[in-house]
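>>> what would the 3D arrangement of this be:
(2 chains)
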2 protein chains.
Amino acid sequence: MLSKLEIHFKEDNELHSNMGSLFHGALIENIPNDYATKLHQGGLKPFTQSLLKNDEGFYWEITTTTKESYQNIVEPLLRINSIYIKKINKEIEFKKKAVETISKDDFIREKLFLKNPNKYITLEFISPTAFKSQDIYLNIPTSRLIIQSLLNKLDAYSDNYEFHSAELIENLENIIFFANYKLFSTNFHVEGQKIPSYRGEITISVNGPPHLVSLVHLLISFGEYSGVGMKTSLGMGKIRKKGSEQWIPKNTM
Amino acid sequence: MLSKLEIHFKEDNELHSNMGSLFHGALIENIPNDYATKLHQGGLKPFTQSLLKNDEGFYWEITTTTKESYQNIVEPLLRINSIYIKKINKEIEFKKKAVETISKDDFIREKLFLKNPNKYITLEFISPTAFKSQDIYLNIPTSRLIIQSLLNKLDAYSDNYEFHSAELIENLENIIFFANYKLFSTNFHVEGQKIPSYRGEITISVNGPPHLVSLVHLLISFGEYSGVGMKTSLGMGKIRKKGSEQWIPKNTM
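Residues are numbered from 1 along each chain as shown, chains lettered A, B, ... in the order given. So this is what the prediction gives:
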């Protein structure tokens, strides 16, 4: 089961974009102790949360990638109408909540068998994104880093599927190209530290057979729930997939 | 010997930024036949030429990295006052020329032993840049791609030095970080084809001992003459190095 919860606030004067990790702390305070302990045991986290900003102001987006994480993270948030942020000693009141859920089987089936899938896929990196590879932090993406991260996450949260293989990654790396991009470095702030990262937009083209194009659509759509790269539970690596999933003649990027 | 020749035009109404390869053709017409034949034999070319644009309009920049290429490419251009561009059937008149030369030994000595070298170095990619690695074209840089390309070029044009080694590249890759960047995809136009490439700016930080920081200054300064990446003789991969070479306390990027 995949879920996305969006929470808008009554007031957001005291918020700023470096507070993602404070909301992470508040979120952890609101979930059952045994589940919080389990989350602390390391490994990939089955949720993301980010404090984001659009034209209307700040909002909090929480996604989960398993039924267990939905029940332990999203459901408690659905029961409350404000959250206490320790660092600023302030109760932040919610204005509205919107939640969407989808069964993972349905989601995978739908994306994996697209008809005439669009070979151009646009990813917007809406929160600072970075990768860790062989103990080195990387603040600029390659197609391999993106695909590898998403395959790892998809496999970690999918009991019934196993997509990841060295061969598949190499296959995909060879057919994915950054057709169009604008990227810039930035920093993600967490606990007084700055993590070098990037934001921006990439339109990739997938120059392969339809089933592989579909698989890339699946991966990137899944990325909206799992995030991409490192520290996604603290607010990094939030992506949006843009554009049509269907190939339309004379489609442009 | 390194040289840089800048040629400004009396009129530039008929020029546009996709004409770099036409100027390449005109340049080849103006050099001695035997040297042109030699250039055609492949391998790294000891010159770059790009049609660039600044606030004053288009100008033509030609750089050379050996004495032989200076004598055969720059000297003929210093003797003429216009150049015929076949494709538009037009003689383009020169307004002014400026040439700078420096001995390669002096250049290398000066850059290689900087006092308190600035660990932040800014590269501007002022013409579309791309790399070829294992037969794949890459339109986004990594520190390894940049350093490897510059080391290859420096070695190719330096009889008295040999910088390149697998160990050095790995050393440099591990201490060079993209501290700040803005990059965007673009295309380079050559003979009706578009080569996916990028432009933009990167400030790298070199987190190593002064002699390695100096070496990176040398490489990037040399890159102003050699270009970086592929098809530099056709106008791609033109870079500018910006910022101070000396580390100043409280230096900012």
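
>>> near chain B, which residues of chain A are found?
Proximity of chain A to chain B is confined to A:136, A:139-142, A:174, A:177-185, A:196, A:198 under the rule CB under 8 Å from any CB of the partner chain. For every residue, glycine as well, the C-beta is placed using N, CA and C.

>>> now intersect those with the strands, please.
Counting by DSSP state E, the part of these found in strands is A:136, A:177-185, A:196, A:198.

>>> buried subset of those?
Buried members of these, scored by 16 or more other CB atoms under 10 Å in any protein chain shown, are A:177-181, A:183, A:185, A:196, A:198.

>>> quick one, strands of chain A?
A:2-9, A:47-54, A:57-64, A:82-85, A:90-102, A:120-129, A:131-133, A:136-138, A:176-190, A:193-206, A:239-242.

>>> mind putting those into TSV with mean pLDDT?
Shown next, in TSV, are the strands of chain A (pLDDT from 0 to 100):
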stretch	mean pLDDT
strand A:2-9	97
strand A:47-54	95
strand A:57-64	96
strand A:82-85	95
strand A:90-102	96
strand A:120-129	97
strand A:131-133	92
strand A:136-138	89
strand A:176-190	96
strand A:193-206	97
strand A:239-242	97
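
>>> what's the closest of those to A:Ser149?
Among these, strand A:131-133 comes nearest to A:Ser149, with 6.4 Å by CB to CB.

>>> from the middle of its chain, how far away would the closest one be?
Relative to the centre of its chain, strand A:131-133 is centred 16 Å away, using CA atoms, centre = their mean, to the nearest Å.

>>> contacts for it, please.
A:137-138, A:141, A:145, A:149, A:229-230 (CB atoms under 8 Å, 6 or more residues apart in numbering or on different chains).

>>> again, only this time at 10 Å
Around strand A:131-133, the neighbours that count as contacts under CB atoms under 10 Å, 6 or more residues apart in numbering or on different chains are A:137-142, A:144-146, A:148-149, A:197-198, A:228-231, A:237.

>>> and the residue nearest the centre of chain A, how far from B:Lys45?
Against the mean C-alpha coordinate of chain A, by CA atoms, centre = their mean, the closest residue is A:Gly227 at 2.1 Å. According to CB to CB, to the nearest Å, A:Gly227 and B:Lys45 sit 45 Å apart.

>>> could you do A:Lys194 as well?
As judged by CB to CB, A:Lys194 and B:Lys45 stand 42 Å apart.

>>> who has more neighbours, these two?
More crowded of A:Lys194 and B:Lys45, by other CB atoms under 10 Å in any protein chain shown: B:Lys45, with 22 against 12.

>>> so that one sits right up against B:Ser69, yeah?
Yes - under the criterion of CB atoms under 10 Å, B:Lys45 makes contact with B:Ser69 at 8.2 Å.

>>> overlap in contacts of these two?
B:Leu39.

>>> can I get the lengthiest helix in chain A in CSV, CA atoms only?
Counting residues, the longest helix found in chain A (DSSP state H) is helix A:210-226. Coordinates of each C-alpha in helix A:210-226 appear next as CSV, following Å, rounded to 0.1, in the frame of the first residue of the first chain:
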residue,chain,number,x,y,z
PRO,A,210,8.1,-0.2,-24.3
HIS,A,211,8.4,-2.6,-21.4
LEU,A,212,11.6,-0.9,-20.2
VAL,A,213,10.1,2.5,-20.8
SER,A,214,7.1,1.4,-18.6
LEU,A,215,9.5,0.2,-15.9
VAL,A,216,11.1,3.6,-15.8
HIS,A,217,7.7,5.2,-15.5
LEU,A,218,7.0,2.8,-12.6
LEU,A,219,10.3,3.6,-10.9
ILE,A,220,9.9,7.3,-11.1
SER,A,221,6.2,7.2,-10.1
PHE,A,222,7.2,5.1,-7.1
GLY,A,223,9.9,7.7,-6.4
GLU,A,224,7.1,10.1,-5.5
TYR,A,225,6.3,7.9,-2.5
SER,A,226,9.8,6.6,-1.7
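
>>> starting at the chain centroid, how far to that helix?
Using CA atoms, centre = their mean, the offset of helix A:210-226 from its chain centre is 12 Å.

>>> what angle do it and strand A:90-102 make?
Interaxial angle, helix A:210-226 versus strand A:90-102 (axes from the mean of the first three to the mean of the last three CA atoms, to 10 degrees): 150 degrees.
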